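S.K.: build me a structure from this.
(4 chains)
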4 protein chains.
Amino acid sequence: MPEQMKAAVFVEPGRIVLDEKPVPEIGPNDALMRITTTTICGTDIHILKGEYPVERGLTVGHEPVGVIEALGSNVTGYREGQRVITGAICPSGWSYASLDGLHAQDGQDCAHGLKPLGGWRFGNTIDGCQAEYVRVPDARANLAPVPEGLSDEQVLMCPDIMSTGFGGAESADLRIGDTVAVFAQGPIGLCATAGAKLRGATTIIAVETVPERKERAAAMGADYVLDFNQVDPVEEIGRITEGRGVDAAIEALGLQETFEGALRVLKPGGVLSSLGVYSKDLSVPLDAFQAGLGDHRIVTTLCPGGKERMRRLMNVIEGGRVDLEPLVTHRYSLDGIEEAYDLFGNQRDGVLKVAVTP
Amino acid sequence: MPEQMKAAVFVEPGRIVLDEKPVPEIGPNDALMRITTTTICGTDIHILKGEYPVERGLTVGHEPVGVIEALGSNVTGYREGQRVITGAICPSGWSYASLDGLHAQDGQDCAHGLKPLGGWRFGNTIDGCQAEYVRVPDARANLAPVPEGLSDEQVLMCPDIMSTGFGGAESADLRIGDTVAVFAQGPIGLCATAGAKLRGATTIIAVETVPERKERAAAMGADYVLDFNQVDPVEEIGRITEGRGVDAAIEALGLQETFEGALRVLKPGGVLSSLGVYSKDLSVPLDAFQAGLGDHRIVTTLCPGGKERMRRLMNVIEGGRVDLEPLVTHRYSLDGIEEAYDLFGNQRDGVLKVAVTP
Amino acid sequence: MPEQMKAAVFVEPGRIVLDEKPVPEIGPNDALMRITTTTICGTDIHILKGEYPVERGLTVGHEPVGVIEALGSNVTGYREGQRVITGAICPSGWSYASLDGLHAQDGQDCAHGLKPLGGWRFGNTIDGCQAEYVRVPDARANLAPVPEGLSDEQVLMCPDIMSTGFGGAESADLRIGDTVAVFAQGPIGLCATAGAKLRGATTIIAVETVPERKERAAAMGADYVLDFNQVDPVEEIGRITEGRGVDAAIEALGLQETFEGALRVLKPGGVLSSLGVYSKDLSVPLDAFQAGLGDHRIVTTLCPGGKERMRRLMNVIEGGRVDLEPLVTHRYSLDGIEEAYDLFGNQRDGVLKVAVTP
Amino acid sequence: MPEQMKAAVFVEPGRIVLDEKPVPEIGPNDALMRITTTTICGTDIHILKGEYPVERGLTVGHEPVGVIEALGSNVTGYREGQRVITGAICPSGWSYASLDGLHAQDGQDCAHGLKPLGGWRFGNTIDGCQAEYVRVPDARANLAPVPEGLSDEQVLMCPDIMSTGFGGAESADLRIGDTVAVFAQGPIGLCATAGAKLRGATTIIAVETVPERKERAAAMGADYVLDFNQVDPVEEIGRITEGRGVDAAIEALGLQETFEGALRVLKPGGVLSSLGVYSKDLSVPLDAFQAGLGDHRIVTTLCPGGKERMRRLMNVIEGGRVDLEPLVTHRYSLDGIEEAYDLFGNQRDGVLKVAVTP
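M.R.: Numbering: from 1, shown residues only, chains lettered A, B, ... in the order given. Here you go, the predicted structure:
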């Protein structure tokens, strides 16, 4: 094993660069994972732009597919060389929050074990996986073996995009026969569409304007795809549902417009499942909120993580229920990651997700 | 039975007056209820002020305790002279929404059977019960016999205040050992406090400033009562929970301050259960909302209704679990209802609820 | 409208015959439905054999597809000539049980509104629908308009088979990525398989031996089909799940063997969802039940009914999610219903369901 | 710290004796707890009698209250000398089952991390706590600090009796206004009664015959206490509920009679929550089970564990909601534990629980 490795490092707002760093050392409960494929997330772009603050010098990236390079002395049940993924969210398993099932809000290092976003560590509070190697903390809770026969790209969405998008559908508490609207069809919105279908929604209305995404939305299960540059989605959804409204609306972008649209199309008693990362205060219009009397629920979901979650998601892929490989539209070596950031950050060339291979 | 009766009628914004009206006629699925006790709700004050629009000439009031005077030809299972209550919300039972359990959003008269607030009929879309008699629609779904031994005042809160306040605790999805904050301790907030205790919350923090309400809050189960004129509730709750935040916060007033306070004291993964009737757009501050990544749930609850709900609530009273009679602080005859409105609307003399007896 | 009609009538154990009866009269909350297609259920065979007792002279059948012939005076929101279905279970909407969501255990005619199987009326406590006409009680809660473009045979499974089978999957509380075993692939088991897929199960193991049913199971979503005459399903499921057991097992036959098999393949913490109609006491083996310490759940489900349920199920069909037409393997006119009973009761000729058209 | 300690050791069926053993050594993720108070559980009596097999030489006991004596090198967030309890069930936090919330069925040492009863380790698969010291595995997931001001005896029921009994009420999915029957009022049944009250049941019917237990049941919240030697509980519960049946019945003994009684008193749609440890196959009578058509749920619950659970339960005690100290009827030093077994095993002298202090 080499002592040095390449890693994409946050230098300052506007600059993530490929740099040399020491290969991470691991403690007794950690594992060292050699990355074979990773990708760039919208959140990484927030980091790049300085909208989400991280420490300078941090390795970014939180979607690792790879191979176990080394195991800490307490990490039983795995073997070196094993193909694994790790969720973007790495719960400890042992904090109060984690024992309560709140894995994404885990606080390993605080007294009551509960911290906003505390389960998200890679590329946030510890070095991430846009690198040749990554240290996986609480390895026994997080290393998820990849079933034989699945390729890196087939499982590349599991750590974040699929877990988050499906989480949005799960939090919407769908029932068989539900009508669901999904606002925005980027990678997460597309997975929310697929997740809604997988939970039994039978009328799925996607809202999007980018042609490649509209097309992909239909392929993922949308029964209607509304282009918000051509129709008013709120009006159109009113028409489709004959004034009834939708049972659930999933917000997958993080803007006032999409949040508000999702609220306005809800039936009384409906659920707004919000996935977006917002960057401004939100306004909840009195009429859309029915003055607080509409029996509405607004639910937010941060990516569920941990090896059991990863096992389930890979089972979905293995069972042939959903195919997320087509979301990988571009491929780069780790050496080209700065170029990949440029493409992905500017949403050029119909990009959905890029695969980055060290 | 007389042909004419007295009724409190909405004339125009600012004026609800006692007037003479014909005793209601009933159809085959209706019942005629003779009111023995009723009360005034905060919502009636919104109506009085013209903030919530109803038709001129409508009899107001939605909290009826009384006796069955007459039964429609299809209404089996009851007898004239039987003591009953009816919920403020009168579901049809047969609409799509009602069959789906969404009784408060029932839409008996619309194609898809689902309408915002549609289950609220008394004093909203049909004549209410601040009168000598009231027509009860879909009587078999709504007439709830009062158990022997319970007085009118003991069950007077069941139709609305208790059902709504308890509903706020139920929607908060409490678990044994939870810490709960309740913002505002008017009648509904007090019932939310009682409801939170009844669901197993073991640390209940009430926020209120009116002395009589603070005292009552402690009697209803609050472990802490914070006076927001003396301390900053958000800071103080942070201190009490040692930075952990509360598992659930119940909003029981309908203002930006209480809504925002409730959001700010939530732990990641916590539930904001909102009961208030708002009169302005709400703002959701980015930091309190953790940019949408806090696994928060915001849930609103309109008063659950129907005879099964009323049966359960009266069971709570009969079982001695909660005593709501002390909420009745003032008593009026129907003839004095204009005076009662004046007292209640201006929150004078430490009033919590008034009992009005025709 | 004629005064007399043909109807399949229970005469005595062993004899259901086609007879002449008066066309039913309707009350103010009823509707008269002219049957265009109906079918025979396994439960009807229990009635035929005298295993499930009904009154002599009763018209049997509980799966009606047809047209509104007449409406009672209170039945608003429908028009004569409208194509509708009605669930096998006809909740009142207004009983305590129905208001509590327990539609199948509705007790319209008992003091507390709750009665075992009380929601099942057609061909059980009132005349059923293997006839030219049927009276639909509590019509506004039960008449469900058929969406344009759907044929009788496409919606023929909604009233019972689909609702029950899907109900078994719903009661199993499935999550994305679950592994599910379904014991027996008759019409209800096949719908349970389809329902499990629709709720996100990603490994579905069906157990069956009849060749036509095995084939159909695979078409409905089973990833594995185990023939219990060729392998021991408990052992084989252990092997497939690598000793983990299944998250849920659905029993769809009503025998000790299938019940016990379903229990034995459960993981600790798993759910046994039972749909079968049993005819003997069941034995729960100590080891399979882990002495009561396995965090198991055993859940039984009677067919969910009411128009909202029917609306949702027809939405599944309309949305193209599941195609149940292939379950109709044989067709008879009402005149040939005795022959249809003979074929279906003896499970000849690979029969799954018969369509019967008056 | 001494090298040797006293411990109650299983020798052979019929013999648990106080013996000398080395003080346990701890690994990096373990803690060493010095026991200040412990108790004997009904399950220990099963072990004593050889009905539940454990290895010879094993230290028994799984209800530890004490002080941290030493911490493994990875165990952060605690300090030596801190007062703590540990649940009878010690989840790993990191197994598949544990990450899925199935802490009691944790399988730390098996490939899929899921094993019947696998979370129960003390006095089952590893040395227990009827000793001067005990090794706590996965210490960060299990050590729960005792709030200041609570005595050993106040929290002595938390590790098992209270967690299990409350778990029975929680699994019964109670709602405000429910009627609940609890069969048997030993320590666990008494906690189920208290738990049912804490979840909002308003009519609680306890079934018991031992005078001390009947009295204690009333003190814990039972509205009715039925002596099965004086009345037939099934009949009497039918009378109390006016034929409706109970919403939930909790079985807290482990016999066919109590299981069957619990099933027979259920309303259609009701929940049988089973806590007992059975020692024979169970029979489910066809009529009581309504042939599988009663929408019944039968749920079993093994004691929930882990430090978050312990935190919540101690909060209940601290909040003054329930007082379990009166369950401690007898006190012994560890030296007298054989005598304590004799008293407790033979249920002499009105014993409920014994406190044992090393």
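S.K.: can we go C-alpha only for contacts and neighbour counts from here?
M.R.: Noted.
S.K.: okay, helices next: where are they in chain A?
M.R.: Ranges of helices in chain A, per DSSP state H, are A:42-48, A:96-99, A:139-142, A:152-155, A:163-171, A:187-198, A:211-220, A:233-240, A:256-264, A:307-318, A:337-345.
S.K.: of all these, which lies closest to C:Arg140?
M.R.: For the helices of chain A, proximity to C:Arg140 was assessed by Cα to Cα; helix A:233-240 is nearest, at 23.9 Å.
S.K.: in that closest one, what counts as buried?
M.R.: A:Pro233, A:Val234, A:Glu236, A:Ile237, A:Gly238 (16 or more other Cα atoms under 10 Å in any protein chain shown).
S.K.: go through those and name the one nearest D:Cys110.
M.R.: Taking Cα to Cα as the measure, D:Cys110 lies nearest A:Ile237 of those, at 50.0 Å.
S.K.: tell me the bridge partners for the spatially closest residue to A:Leu71 that is not a sequence neighbour.
M.R.: Using Cα to Cα, 6 or more residues apart in numbering or on different chains and skipping residues adjacent in sequence, the residue nearest A:Leu71 is A:Ala31, 4.5 Å away. Counting by DSSP bridges, A:Ala31 is bridged to A:Leu71, A:Val136.
S.K.: near A:Ala31, how many residues? Count them for me, please.
M.R.: 29 (other Cα atoms under 10 Å in any protein chain shown).
S.K.: what residues does the stretch 51-200 of chain A have near chain D?
M.R.: Contact residues (Cα under 8 Å from any Cα of the partner chain) of the stretch 51-200 of chain A with chain D: A:77, A:92-101, A:109, A:111, A:138, A:140-142.
S.K.: and those, which are buried?
M.R.: The buried subset of those - by 16+ other Cα under 10 Å - is A:92-101, A:138, A:140-142.
S.K.: which residues of the stretch 151-300 of chain A lie near chain C?
M.R.: A:Ile176, A:Gly177, A:Asp178, A:Lys197, A:Leu198, A:Arg199, A:Gly200, A:Thr202, A:Thr203, A:Asp223.
S.K.: closest to D:Gln130 among those residues?
M.R.: A:Arg199 (48.5 Å).
S.K.: list the contacts for A:Arg216?
M.R.: By Cα atoms under 8 Å, 6 or more residues apart in numbering or on different chains, A:Arg216 lies in contact with A:Leu190.
S.K.: distance check, the residue in the stretch 101-250 of chain A positioned nearest to chain D against A:Ser98.
M.R.: Chain D sits closest to A:Ala141 of the stretch 101-250 of chain A, with a gap of 4.2 Å, by Cα to the nearest Cα. Separation of A:Ala141 from A:Ser98 (Cα to Cα, to the nearest Å) stands at 11 Å.
S.K.: do A:Val65 as well
M.R.: Between A:Val65 and A:Ser98 the distance, using Cα to Cα, works out to 23 Å.
S.K.: mind exporting stretch A:227-237 as CSV, just the C-alpha atoms?
M.R.: C-alpha atoms of stretch A:227-237 as CSV (Å, rounded to 0.1, in the frame of the first residue of the first chain):
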residue,chain,number,x,y,z
ASP,A,227,-43.0,21.0,-18.3
PHE,A,228,-43.3,24.0,-16.0
ASN,A,229,-42.2,26.2,-18.9
GLN,A,230,-45.2,25.1,-20.9
VAL,A,231,-47.9,24.7,-18.2
ASP,A,232,-48.6,25.9,-14.7
PRO,A,233,-48.0,22.6,-12.8
VAL,A,234,-50.4,23.6,-10.0
GLU,A,235,-53.3,24.2,-12.4
GLU,A,236,-52.4,21.2,-14.5
ILE,A,237,-52.3,18.9,-11.5
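S.K.: mean confidence score for it?
M.R.: Stretch A:227-237 comes out with an average pLDDT of 98.
S.K.: what do you get for stretch A:129-143?
M.R.: Mean predicted confidence for stretch A:129-143 is 98.
S.K.: how far does that stretch sit from the chain's center?
M.R.: Relative to its parent chain, stretch A:129-143 has a centroid offset of 17 Å by Cα atoms, centre = their mean, to the nearest Å.
S.K.: look up the closest residue to A:Val351, ignoring the ones flanking it.
M.R.: The shortest distance from A:Val351 to any non-neighbouring residue, by Cα to Cα, 6+ apart, is to A:Thr329 (5.7 Å).
S.K.: cool, and A:Val284?
M.R.: Nearest to A:Val284 is B:Leu282, by Cα to Cα, 6+ apart, at 4.9 Å.
S.K.: cool, A:Thr76 as well?
M.R.: A:Thr76 sits nearest to A:Arg140 (Cα to Cα, 6+ apart), 7.4 Å away.
S.K.: quick check: the one you found vs A:Gly107, distance?
M.R.: Taking Cα to Cα, one finds A:Arg140 at 17 Å from A:Gly107.
S.K.: residues in contact with A:Ala192?
M.R.: Contacts of A:Ala192 by Cα under 8 Å, 6+ apart are A:Met162, A:Thr164, A:Gly165, A:Phe166, A:Gly167, A:Gly168, A:Ala169, A:Val182, A:Ile250, A:Ala252.
S.K.: who's the closest spatial neighbour of the third one, skipping the chain neighbours?
M.R.: If the residues on either side of it in the chain are set aside, A:Gly165 comes closest to A:Ala192, at 4.1 Å by Cα to Cα, 6+ apart.
S.K.: quick one: pLDDT of the one you found?
M.R.: Listed pLDDT for A:Ala192 reads 98.
S.K.: gap between it and C:Arg321?
M.R.: 17 Å.
S.K.: cool, A:Gln154 as well?
M.R.: Distance from A:Gln154 to C:Arg321, by Cα to Cα: 25 Å.
S.K.: likewise A:Glu55?
M.R.: 48 Å.
S.K.: how does chain A divide up, domain by domain?
M.R.: Domain assignment for chain A by automatic domain parsing gives A:4-86+A:122-156+A:324-357, A:164-300.
S.K.: so A:Ala291 touches B:Val277, yeah?
M.R.: Yes - assessed by Cα atoms under 8 Å, A:Ala291 is found in contact with B:Val277 at 5.5 Å.
S.K.: distance of the residue nearest to A:Thr76 relative to chain C?
M.R.: Distance, A:Arg140 to chain C, using Cα to the nearest Cα, to the nearest Å: 18 Å.
S.K.: now for that residue: which residues touch it?
M.R.: A:Arg140 neighbours (Cα under 8 Å, 6+ apart): A:Asn29, A:Val75, A:Thr76, A:Gly77, D:Trp94, D:Ser95.
S.K.: kindly report the same for A:Gln256.
M.R.: Applying Cα under 8 Å, 6+ apart, the residues near A:Gln256 are A:Leu282, A:Ser283.
S.K.: quick one: furthest residue from the center of chain A?
M.R.: A:Glu242 (33.1 Å; Cα atoms, centre = their mean).
S.K.: let me see the contact set for that one.
M.R.: Per Cα under 8 Å, 6+ apart, neighbours of A:Glu242: none.
S.K.: repeat for A:Met314
M.R.: By Cα under 8 Å, 6+ apart, A:Met314 lies in contact with A:Val146, A:Pro147, A:Val155, A:Cys158.
S.K.: what do you get for A:Glu51?
M.R.: Counted by Cα under 8 Å, 6+ apart, A:Glu51 has zero contacts.
S.K.: ok, now how distant is it from chain C?
M.R.: Applying Cα to the nearest Cα, one obtains 33 Å for the distance of A:Glu51 from chain C.
S.K.: what sits closest to A:Val9 if chain neighbours are left out?
M.R.: Nearest to A:Val9 is A:Thr59, by Cα to Cα, 6+ apart, at 4.4 Å.
S.K.: so what's the residue count around that neighbour?
M.R.: For A:Thr59, using other Cα under 10 Å, the count is 30.
S.K.: residue contacts, it?
M.R.: A:Ala7, A:Ala8, A:Val9, A:Phe10, A:Gly123, A:Ile126, A:Asp127, A:Gly128, A:Cys129, A:Gln130, A:Ala131.
S.K.: mind running it again at 10 Å?
M.R.: A:6-11, A:16-19, A:21, A:122-131, A:134 (Cα atoms under 10 Å, 6 or more residues apart in numbering or on different chains).
S.K.: before I go, just wanted to say thanks for your time.
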